[in-house]
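# show me the folded form of this:
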Amino acid sequence: MAKRRDWAPELLSLPALVAILAVMGFPLLYLCWMSLHRWSMIGFDAPRFVGLQNFLQLVQDDRFVDALGRTFWFTALGLASNLPLGLGIALLMNERFPGRAICRALLILPMVATPAAMGLVWVIMLDPTLGIVRYLLGGIGIHQPPLWLSDPDIVVPTLVAVDAWMWTPMVALICMAGLSALPTEPFEAALVDGASVLQRFRFLTLPLMMPTLMVAAMLRVMDLLKLIDIVYVMTGGGPGHASETMNLYNYLAALSYDKIGYGSAIALVLFALVMACTLVLIRLRRPAS
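Numbering: from 1, shown residues only. Coordinates of the predicted model:
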């Protein structure tokens, strides 16, 4: 006689599944529907179906193409700064030294305030005439600091530095958790064999930490691709469009320029981009079979 399957787990999880589909599925379907229409909310006009015209317009939109490339550049710079710094801080905090508990508590301070508030603080600090950064640089002989937020050549690295100041502690916390879960036997054997600190890091710590670093990279990629808060507060996408990201252009197109359908198409492309990058990182995190 065939054994009857127990459907209790599926039935118990059904309400949660329905709630998730309602919360996530409906907005996504509605976004797809809006991306196929031309819609202006100023005159309360009814949406007009245009098919894939919004997506075809994206390919011809130089401002969107520039924002797309700038978003990738921003993400690459963010990862290149967040991951090494976060791992370095985690390695330092993993050592025993006086005041380690206080340093670990202070580490999370940049993440306490909202990004918009921190962006305003950094705007004041980077002010070319009254900002404290100008006075600090003047103390070491640099009396004409660059225009951090007004120079198109350095505005993106400046925003990346502010973002790294805020979110590198999160990467450090993830790495600290990963370090605490590493097995001690390989390190003890390496010490017996006379391996140096650098050798232990290269051949033990770094390979064992790769899954944890992939998790941190996945979280940061999702945040960096969707970045809008500090960019909007600190530069508004300027000077010109030199710091405009995809998410900021999406906001401006939909709500400032009243192109709801076009903004929905940008949002859908951004969603697909975030999902694709996340799936790639998840695949890279899996051990090779």
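# quick one, helices of the stretch 1-150 of the chain?
Remark: helices assigned in the stretch 1-150 of the chain by DSSP state H, counting those that start in this stretch are 8-20, 26-35, 53-60, 62-94, 100-107, 115-125, 132-139.
# and the fourth one, what does it pack onto?
To tie it back to what came earlier, the one meant is helix 62-94. In this structure, helix 62-94 makes packing contacts with helix 100-107, helix 155-180, helix 206-225, helix 246-251, judged by 3 or more C-beta pairs under 8 Å, 6 or more residues apart in numbering; DSSP states H and E. From N, CA and C alone the C-beta is placed, and that goes for glycine too.
# please name the residues that touch the closest residue to residue 37 other than its chain neighbours.
Taking C-beta to C-beta, 6 or more residues apart in numbering as the measure, residue 37 lies nearest to residue 47, with 3.8 Å between them; neighbours along the chain are not counted. By C-beta atoms under 8 Å, 6 or more residues apart in numbering, the contact list for residue 47 reads 34, 37-39, 260-261.
# gap between residue 31 and residue 18?
20 Å (C-beta to C-beta, to the nearest Å).
# those two: which is more packed in?
With neighbours defined as other C-beta atoms under 10 Å, residue 31 and residue 18 compare such that residue 31 has more, 15 against 11.
# the more buried one and residue 270 touch, don't they?
No: in this structure residue 31 lies outside contact range of residue 270 using C-beta atoms under 8 Å: 10.4 Å.
# count the residues that sit near residue 20.
Using other C-beta under 10 Å, residue 20 is surrounded by 10 other residues.
# ok, the one 3 residues further on next?
Around residue 23 there are 9 other residues, counting by other C-beta under 10 Å.
# same check, this time on the one 5 residues further on
Residue 28 has 13 neighbouring residues, counting by other C-beta under 10 Å.
# the residue lying closest to it once chain neighbours are set aside: which element?
Nearest in space to residue 28, with sequence neighbours left out and distances taken as C-beta to C-beta, 6+ apart, is residue 271 at 7.4 Å. With the criterion set as DSSP states H and E, the secondary-structure element containing residue 271 is helix 260-285.
# can you pull the buried residues of that helix?
260-270, 273-274, 277, 281 (16 or more other C-beta atoms under 10 Å).
# could you list every helix and strand in contact with that helix?
Short answer (3+ C-beta pairs under 8 Å, 6+ apart): helix 260-285 packs on helix 26-35, strand 37-38, helix 53-60, helix 206-225, helix 246-251.
# including distance to residue 7 and mean pLDDT, could those go into CSV?
Converted to CSV, the helices and strands packed on helix 260-285 look like this (distance: least, C-beta to C-beta, whole Å; pLDDT from 0 to 100):
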stretch, distance to residue 7, mean pLDDT
helix 26-35, 26, 92
strand 37-38, 41, 92
helix 53-60, 42, 94
helix 206-225, 33, 93
helix 246-251, 42, 95
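# most packed of those?
When neighbours are counted by mean count of other C-beta atoms under 10 Å, the highest per-stretch mean among those falls to helix 246-251, a mean of 22.
# angle of the strand or helix carrying residue 186 against helix 206-225?
Assigned by DSSP H and E, residue 186 belongs to helix 185-192. Interaxial angle of helix 185-192 relative to helix 206-225 (axes from the mean of the first three to the mean of the last three C-alpha atoms, to 10 degrees): 130 degrees.
# identify the residues contacting residue 127.
The neighbourhood of residue 127, defined by C-beta under 8 Å, 6+ apart, consists of residue 134.
# same question for residue 85.
For residue 85, the contacting residues are 164, 168, 171-172, by C-beta under 8 Å, 6+ apart.
# state the distance from it to residue 168.
Taking C-beta to C-beta as the measure, residue 85 falls 5 Å from residue 168.
# same question for residue 237.
Separation of residue 237 from residue 168 (C-beta to C-beta): 24 Å.
# that'll do, ta.
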